[in-house]
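1. sequence first, then the predicted structure, then my questions.
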Amino acid sequence: MKNPLDRRRFLASAAAGAGAAVVTSTARGEEAAPALLGGPPVRREPFPSWPRSGRLEEEGLLGVLRSGKWFRGGGDRVDHFETSFAAMTGAAHCVAVANGTSALVTSLAALGIGPGDEVIVPVYTFIATVNAVLLHYAMPVFVDTDPETFQIDARKVEAAITDRTAAIMPVHLGGNVADMDAILEIGRRRKIPVVEDACQAHLAEWRGKKVGTMGAAGCFSFQVSKNLSSGEGGAILTGDADLAGRCYAFQNNNRGRAAEGYTFSYQGGRGANLRLTEFQGSLLLAQMTRLEEQSRTREQNARYLTGLLEEIPGIRPARQYEGCTRNAYHLYMFRFKADLFGGLSRDRFLQALQAEGIPCSGGYAPLNKDGSVSAAIASKGFGRIYPRELLDGFAARNACPANDALCGEAVWFTQNMLLGPRADMDQIAAAVRKVRANVGALAKA
Ligand SMILES: *Cc1c(COP(=O)(O)O)cnc(C)c1O
């Protein structure tokens with residue numbers, strides 16, 4: 001079957017038809033007792049560690065240390081990183097900042113977004129995406145998730161636009177790519193800037209273009225878990241020299257740098273110190289030498305793993321849109337269908353898989369119902385800015401039923417698990433099959 005969806009449907013119906021018989025299948029020693037119930041685990045070794053470093057990092061860091069020029073502007077490591085990252089992604093401009101959250105905050109500031117504005121965000125994302133909006137006293141407007149891809153559902157973006165919408169902020173979640181054809185088209189037609197949150201998607205591509213280079217601005221994180229890391233760090237890509245100048249000024253306490261053609265005129269008249277240090281710049285330059293190869297390994301392993309997991313009824317690996325030509329696989333994500341797994345709960349599945357030596361998590365909880373978001377909406381500042389009806393209607397307006405369901409089904413593996421040999425993928429799939437072969441005992445115990 002050429003279409004993987006058809007094959008999944010076929011397997012799903014085969015499983016439903018076979019009923020309990022299918023879950024007692026025994027293959028390749030997977031009939032052993034589940035590790036959660038005292039049997040031997042499928043895997044005992046740890047997965048590849050993260051972050052990785054070597055001589056390049058050590059020499060770079062010592063060089064900065066001994067130079068005494070630890071700060072941006074003193075040495076040239078951050079400048080060099082900006083030039084290199086722009087070249088690597090094909091962006092005209094890159095502005096480094098302290099972290100990914102700062103990249104988002106700075107981009108929104110440079111676009112002049114503030115109190116009273118609305119910013120469209122996916123509901124399935126890390127909370128920093130939304131915090132960047134809230135920090136500007138702008139109103140986040142959540143759009144439901146496409147459960148097939150785990151990305152913002154582009155078909156639902158237009159309905160969320162009002163005359164107050166000041167930006168659309170898709171997130172390339174897990175290194176997969178949001179439907180940029182649809183989102184850019186809406187942005188162009190409605191004259192609303194698109195800010196890409198590419199914090200999880202270094203080197204991912206849409207129709208051959210690197211993510212972060214398609215919207216007005218693209219934001220990256222180099223926090224330690226990310227595919228390119230300096231412990232903490234961030235960057236903004238943009239094709240707009242003027243916007244780059246405003247971003248530079250904002251992260252430098254509203255002071256530009258005339259020598260580089262960056263103006264002093266950030267019109268909002270505010271700023272902060274969100275500068276990256278030379279230590280981080282040197283780490284990034286070293287880490288970048290490995291990024292391409294690591295990305296290729298992740299992609300090869302992930303594709304192979306998808307082939308294995310698609311054969312297992314009840315496991316639905318995240319799909320990519322047809323325009324996604326490269327997935328950065330910051331996360332390996334799939335849906336767990338309890339009804340095709342003998343009724344085993346998702347959380348019990350996670351426990352059982354962890355016990356087999358396969359680290360995994362259930363991913364995000366629904367952000368539209370997050371206590372910290374509702375506290376911000378209920379705060380004094382928001383009360384002064386927004387009409388009462390808008391604040392009271394927040395929960396109803398931002399209902400995201402598809403995402404609620406997805407949050408109960410999602411399973412994640414982290415990117416470092418994709419950096420080892422292909423045999424690791426075989427073990428992951430074997431562990432999933434073993435849990436499935438034992439659902440009866442697992443559900444009872
Ligand atoms: C990591 C992340 C951020 C924030 O980056 P930090 O460097 O941790 O501030 C923002 N958005 C998404 C989607 C992220 O994964």
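-> That came through, no problem.
2. contacts, neighbours, all on C-alpha from now
-> Noted.
3. which positions in the longest helix belonging to the chain come out as buried?
-> The residue-count maximum for a helix in the chain (DSSP state H) belongs to helix 278-309. Across helix 278-309, burial judged by 16 or more other Cα atoms under 10 Å covers 278-288, 291, 294-299, 301-302, 305-306, 308-309.
4. please state the offset of it from the chain centre?
-> Remark: helix 278-309 is offset 14 Å from the chain centroid, using Cα atoms, centre = their mean, to the nearest Å.
5. list the contacts for residue 211?
-> Going by Cα atoms under 8 Å, 6 or more residues apart in numbering, residue 211 touches 172, 177, 196, 198, 201-205, 218.
6. go on, residue 237?
-> Applying Cα under 8 Å, 6+ apart, the residues near residue 237 are 86, 91-95, 212-213, 217-219, 244.
7. same list, those, but as CSV with pLDDT please.
-> Output for these, formatted as CSV (pLDDT from 0 to 100):
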residue, pLDDT
86, 98
91, 98
92, 98
93, 98
94, 98
95, 98
212, 98
213, 98
217, 98
218, 98
219, 99
244, 94
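8. just the buried residues out of these, in ChimeraX syntax.
-> Per 16+ other Cα under 10 Å, the buried members of the contacts of residue 237 correspond to this ChimeraX selection:
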select :86,91,93,94,95,212,213,217,218,219,244
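9. in strands only, show me the contacts of residue 237.
-> When DSSP state E defines the strands, the subset of the contacts of residue 237 inside them is 93-95, 217-219.
10. which single one of those is nearest to residue 325?
-> residue 218 (17.8 Å; Cα to Cα).
11. looks like the closest one contacts residue 201 (just checking).
-> No: with contact defined as Cα atoms under 8 Å, residue 218 and residue 201 do not form a contacting pair (10.5 Å).
12. quick one: classify the spatially closest residue to residue 136 that is not a sequence neighbour as helix, strand or coil.
-> Nearest residue to residue 136, sequence neighbours excluded (Cα to Cα, 6 or more residues apart in numbering): residue 114, at 5.1 Å. Put simply, residue 114 is coil when judged by DSSP: H, G, I helix; E, B strand; the rest coil.
13. contacting residues for residue 114?
-> Residue 114 sits in contact with 136-138, where contact means Cα under 8 Å, 6+ apart.
14. and for residue 203?
-> Contacts of residue 203 by Cα under 8 Å, 6+ apart are 89, 210-211, 292, 295, 326-328.
15. what's the answer for residue 128, then?
-> Residue 128 neighbours (Cα under 8 Å, 6+ apart): residue 101.
16. how close does it sit to residue 118?
-> Between residue 128 and residue 118 the computed distance is 16 Å (Cα to Cα, to the nearest Å).
17. need the residues of the protein near the ligand, please.
-> Within the chain, the positions adjacent to the ligand are 99-101, 125-126, 128-129, 171, 197, 199-200, 221-223, 232-234 by Cα under 6 Å from any ligand atom.
18. need the distance between the two termini of stretch 216-236.
-> End-to-end distance for stretch 216-236: 10 Å, by Cα to Cα.
19. again with stretch 433-445
-> Using Cα to Cα, the two ends of stretch 433-445 sit 19 Å apart.
20. what's the answer for stretch 95-102, then?
-> 11 Å.
21. among the contacts of residue 114, which lie within strands?
-> Residues of the contacts of residue 114 located in strands (DSSP E): none.
22. now pLDDT too, for those residues, in JSON lines please.
-> Formatted as JSON lines, these follow (pLDDT from 0 to 100):
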{"residue": "136", "pLDDT": "98"}
{"residue": "137", "pLDDT": "98"}
{"residue": "138", "pLDDT": "98"}
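23. so which of these is the most crowded?
-> The most crowded member of the contacts of residue 114, judged by other Cα atoms under 10 Å, is residue 138 (26 neighbours).
24. quick check, pLDDT for residue 246.
-> Residue 246 carries a pLDDT value of 91.
25. next: residue 72.
-> pLDDT recorded at residue 72 is 93.
26. which is the next helix or strand following the worst-scoring helix or strand of the chain on mean pLDDT?
-> One helix or strand of the chain scores below all others by mean pLDDT, DSSP states H and E: helix 4-18, with a mean of 39. Where DSSP states H and E defines the elements, the next helix or strand beyond helix 4-18 is helix 55-67.
27. chain center to that following helix, what's the gap?
-> Taking Cα atoms, centre = their mean, the mean C-alpha location of helix 55-67 is offset from the chain mean by 30 Å.
28. so which elements touch it?
-> helix 278-309 (3 or more Cα pairs under 8 Å, 6 or more residues apart in numbering; DSSP states H and E).
29. contacts for the helix or strand just after the helix it packs on, please.
-> As assigned by DSSP H and E, the chain's next helix or strand after helix 278-309 is strand 315-317. Contact partners of strand 315-317, identified using Cα under 8 Å, 6+ apart, comprise 8, 306, 309-310, 333-337.
30. out of those residues, who's nearest the ligand?
-> Nearest to the ligand among those is residue 333, at 14.0 Å by Cα to the nearest ligand atom.
31. where does the closest one fall, phi/psi-wise?
-> The phi/psi pair for residue 333 (degrees, to the nearest 10) reads phi -120, psi 140.
32. residues near it, how many?
-> 27.
33. which residue sits closest to it, ignoring its sequence neighbours?
-> Residue nearest to residue 333 in three dimensions, not counting chain neighbours: residue 412, with 4.7 Å by Cα to Cα, 6+ apart.
34. helices or strands next to the helix or strand harbouring the one you found in the packing?
-> Taking DSSP H and E as the definition, residue 412 sits inside strand 410-414. Helices and strands touching strand 410-414, by 3+ Cα pairs under 8 Å, 6+ apart, are strand 331-336.
35. for the following helix or strand past the strand it packs on, what is the average pLDDT?
-> Next in sequence after strand 331-336, counting helices and strands by DSSP H and E, comes helix 346-355. Average pLDDT, helix 346-355: 98.
36. what's downstream of helix 346-355, the next helix or strand?
-> Next in sequence after helix 346-355, counting helices and strands by DSSP H and E, comes helix 371-377.
37. residue 241: how many residues sit nearby?
-> For residue 241, the neighbour count with other Cα under 10 Å is 15.
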